[in-house]
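Colleague: 3D model of this:
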Amino acid sequence: MQNIVDVTYSQTGESTSVNQYGMRQMQERSFAARNAQYLLLKAPPASGKSRALMFIALDKLIHQGIKKAIVAVPERSIGGSFGTTNLMMHGFYADWEPNPIYNLCIPGGEGSKVEAFKKFLSSDEKILICTHSTLRFAFEQLDESKFNGTLLAIDEFHHVSVDGESRLGELLRSIMTKSDAHIVAMTGSYFRGDSIPILLPEDESKFTKVTYNYYEQLNGYEYLKSLGIGYHFYQGKYTSAINEILDTDKKTILHIPNVNSGESTKDKHKEVDTILDMIGVVERVDEDGVIYVKRHGDDKIIKVADLVNDDPKDREKIVTYLRNIDSVDDMDLIIALGMAKEGFDWPYCEHALTVAYRGSLTEIIQIIGRATRDSENKTHAQFTNLIAEPDATNPEVKLSVNNMLKAITASLLMEQVLAPNFKFKPRMENDNEGNKPGEMKIRGYKKPTSKRVEEIIESDLNDLKATILQDDTMIKAMPGNVDPEVINKVLIPKIIKIKYPDLSDDEVEQLRQHVVVDSVIKNGEIKESGGKQFISMAGKFVNIDDLHIDLIDSINPFQRAFEILSKSVTTQTLKLIQESIEATRIQMTEEEAIILWPKINLFIKERGKQPDLNALDSQEKRLAEAIVFLKDLKRKMQA
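Modeller: Residues are numbered from 1 along each chain as shown. As a prediction, this is how the structure comes out:
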């Protein structure tokens, strides 16, 4: 299988080796910034963020005068990462010992958890673990001053946003402005799928940033040597092409398309059955819910987990089984729809195979993270996106895939690459105020009046647009055969009514306006056919055009699908992309760079290494920026 990205790492072992305190490379780097009041930790899945937080929190509790540590996670299952941990046996000066009473990541209503949260703040206990949801509900009943003297750690920080309707974002801003609390924010993807910025620039500037990217992590692994990223395109139904890509000898997580997407057959259970039949013959399902399939050709038994199954009992059985896997032979293939993405841990996974467009770059990075755990059963990790063949010329596809590759690669380097979204609001008759940042007011624009419409706008808008763009009537109307007003006022509402028959006429109109405005702002005008979604999607990334790197070699047929073949991308190329990104935002003159050049040489001579762009020391970081600036200047002169 050919890849767009095929990155090879040197296996230095640095990211898994530990220092005298039992800290891995990323944790040591984070601990060096432990005195910061606001700390932003950006690091990939499996890099050890949970334990890094334990080291920092304990130091703040023991040496920095902090009285309490509150850890907030997005889902209850992730709370297990912050359970009791013996750190002293590895050389640290304290153990992480939360009282089980104040582990609020357990079943039960929010009311009792909020009461436990309030009780914790007035108790002598030091550590509380809860969900984002519990934190939000508790905050509504508390004054910000109650957080004085506390450390608030927010895991999966990309769930926060500057959106005025994001309660977690509003909570964070209030605590920062109205209390002396310390904050540690942790994330594996410092951007959100909906493109809304996580922090306002003035708030972000208050954070000390520690960045540890995929390049550093994978370069220091013991077993995993390379990561591949590939885009494969098919014609017809995806189930007819998936057999060319799904290798059941590889431990695989297969994400089938959302039922509302154009790639879906609309029968998710039948899709799972088709995939199972394609692999072989189902022999039995055991008491844990594991499906045993005798593979065609050699009769090898393939163990499959079906997470698409909606039955709560069946789902709970197989999820429990997956949670307790401790052997490479316990599972071969996991078929999922919305599960097994963020926070899901199956170290043996070698291949993340995802069907359909993913409008959220966050989702792509999270899925890639499922396959990039270090494990002795693999030397190569693979992410493959199987997509309907775009109705576009090869040069357009080539450009889009190259842009997508640059966006993903930049994201693996923990860079923010999504353009900000606009929030659309109606402009009233006498409203002469300007637009706030990220806001756009439109005369005659209908604000959603029901929770149902709000939910569709927030969660299903991309799927709705895909449905509209792939409708047969729309495709025939698009090339100019039908007046745009007819498309907007007749065809689009008709499709919305079919997709959401429960909506009233007024709700359909609200949704229609949002679809049209959103599409006009983002795409210029609604004229793309369904097959060009991939082309449009690639245009949503910011600063990608500033990275003048061609990573595509050719486009070749691939039986029922075709694939993008790539040039070889080495660790040096990853480094080049990182420097290219930095070069677009470094503010420096030639005069300053020339003055710094002797200091750079002296630094290298004394330290035996080049200055680091991620250094906490501002002088070292400036020297590193000067090197990038001079390299970029040289490239421009040569060009």
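Colleague: Just give me the neighbour total for the nearest residue to Ala36 once chain neighbours are set aside.
Modeller: Among residues not flanking Ala36 along the chain, Thr208 sits closest, at 3.7 Å (Cβ to Cβ, 6 or more residues apart in numbering). (Glycine included, C-beta is placed from N, CA and C.) Thr208 has 14 neighbours, counted by other Cβ atoms under 10 Å.
Colleague: do you know how far Thr208 is from Thr150?
Modeller: In this view, Thr208 and Thr150 are 18 Å apart by Cβ to Cβ, to the nearest Å.
Colleague: Identify the bridge partners of the residue nearest to Ala36.
Modeller: Beta-bridge partners of Thr208, counted by DSSP bridges, are Leu39.
Colleague: residue contacts, Ile457?
Modeller: Neighbour list for Ile457: 448, 511, 514 [criterion: Cβ atoms under 8 Å, 6 or more residues apart in numbering].
Colleague: Please give me every residue in contact with the residue nearest to Ala36.
Modeller: Thr208 makes contacts with 33, 36, 38-40, 616, as judged by Cβ under 8 Å, 6+ apart.
Colleague: among the contacts of Ile457, which are in strands?
Modeller: With strands taken from DSSP state E, there is no overlap with the contacts of Ile457.
Colleague: And the closest residue to Leu121 other than its chain neighbours, how close does it get to Phe82?
Modeller: Excluding its sequence neighbours, the residue lying closest to Leu121 (Cβ to Cβ, 6+ apart) is Lys146, at 5.5 Å. In this structure, Lys146 lies at 21 Å from Phe82, with Cβ to Cβ as the measure.
Colleague: which helix of the protein spans the most residues?
Modeller: helix 618-638 (DSSP state H).
Colleague: Could you list the low-confidence segments of the stretch 301-450 of the chain?
Modeller: 340-344, 357-362, 389-446 (pLDDT under 70).
Colleague: Which stretches in it count as strands?
Modeller: 301-306, 333-336, 351-355, 380-388, 423-427, 439-443 (DSSP state E, counting those that start in this stretch).
Colleague: go on, the stretch 151-300 of the chain?
Modeller: Under DSSP E, counting those that start in this stretch, the stretch 151-300 of the chain gives strands at 182-187, 208-211, 226-234, 252-255, 280-285, 291-295.
Colleague: Could you tell me how many residues sit around Glu97?
Modeller: With other Cβ under 10 Å as criterion, Glu97 counts 13.
Colleague: mean confidence score for stretch 49-62?
Modeller: Model confidence over stretch 49-62, given as mean pLDDT, is 94.
Colleague: Buried residues of that stretch, list them for me.
Modeller: By neighbour count with 16 or more other Cβ atoms under 10 Å, stretch 49-62 contains the buried residues 49-61.
Colleague: what's in contact with that stretch?
Modeller: Applying Cβ under 8 Å, 6+ apart, the contact partners of stretch 49-62 are 21, 23-24, 26-27, 30-31, 34, 39, 41, 43, 66-69, 71, 81-82, 85, 87, 92-94, 96, 126-127, 151, 153, 155, 182, 184, 186, 188.
Colleague: switch the cut-off to 7 Å
Modeller: 23, 26-27, 30-31, 34, 41, 43, 66, 69, 71, 81-82, 85, 87, 92, 94, 96, 126, 151, 153, 182, 184, 186 (Cβ atoms under 7 Å, 6 or more residues apart in numbering).
Colleague: partners of the residue nearest to Thr248 when sequence neighbours are not counted in the sheet?
Modeller: Spatial nearest neighbour of Thr248, chain neighbours left out: Ile302 (5.1 Å); criterion: Cβ to Cβ, 6+ apart. Ile302 has these beta-bridge partners by DSSP bridges: Val293.
Colleague: Pull the number of nearby residues for Ile302.
Modeller: 18.
Colleague: Okay, it and Gly111: tell me how far apart.
Modeller: 46 Å.
Colleague: Met89 now?
Modeller: 39 Å.
Colleague: wouldn't Thr473 be in contact with Val490 here?
Modeller: No - judged on Cβ atoms under 7 Å, Thr473 makes no contact with Val490 at a distance of 9.8 Å.
Colleague: nearest to Gly228, of the contacts of Ile457?
Modeller: Gly228 lies nearest to His514 out of the contacts of Ile457, by Cβ to Cβ, at 38.1 Å.
Colleague: what's the closest non-adjacent residue to that closest one?
Modeller: Closest residue in space to His514, ignoring its immediate chain neighbours: Ile457 at 5.5 Å, by Cβ to Cβ, 6+ apart.
Colleague: Arg167 now?
Modeller: Arg136 (4.9 Å).
Colleague: residue contacts, the one you found?
Modeller: 167-168, 171.
Colleague: Please indicate which of those has the highest neighbour count?
Modeller: Leu171 (22 neighbours).
Colleague: Please list all residues in contact with that one.
Modeller: By Cβ under 7 Å, 6+ apart, the neighbours of Leu171 are 136, 139.
Colleague: what about it, distance to Ile604?
Modeller: 45 Å.
Colleague: What of Met26?
Modeller: Separation of Met26 from Ile604 (Cβ to Cβ) stands at 24 Å.
Colleague: out of these two, which sits in the busier spot?
Modeller: Met26 (25 against 14).
Colleague: surely the more buried one meets Val210?
Modeller: No - assessed by Cβ under 7 Å, Met26 is found out of contact with Val210, at 8.1 Å.
Colleague: still on that earlier bit, any idea which of the contacts of Ile457 is the one closest to Ile175?
Modeller: Pro448 (29.3 Å).
Colleague: Nothing else from me, thank you.
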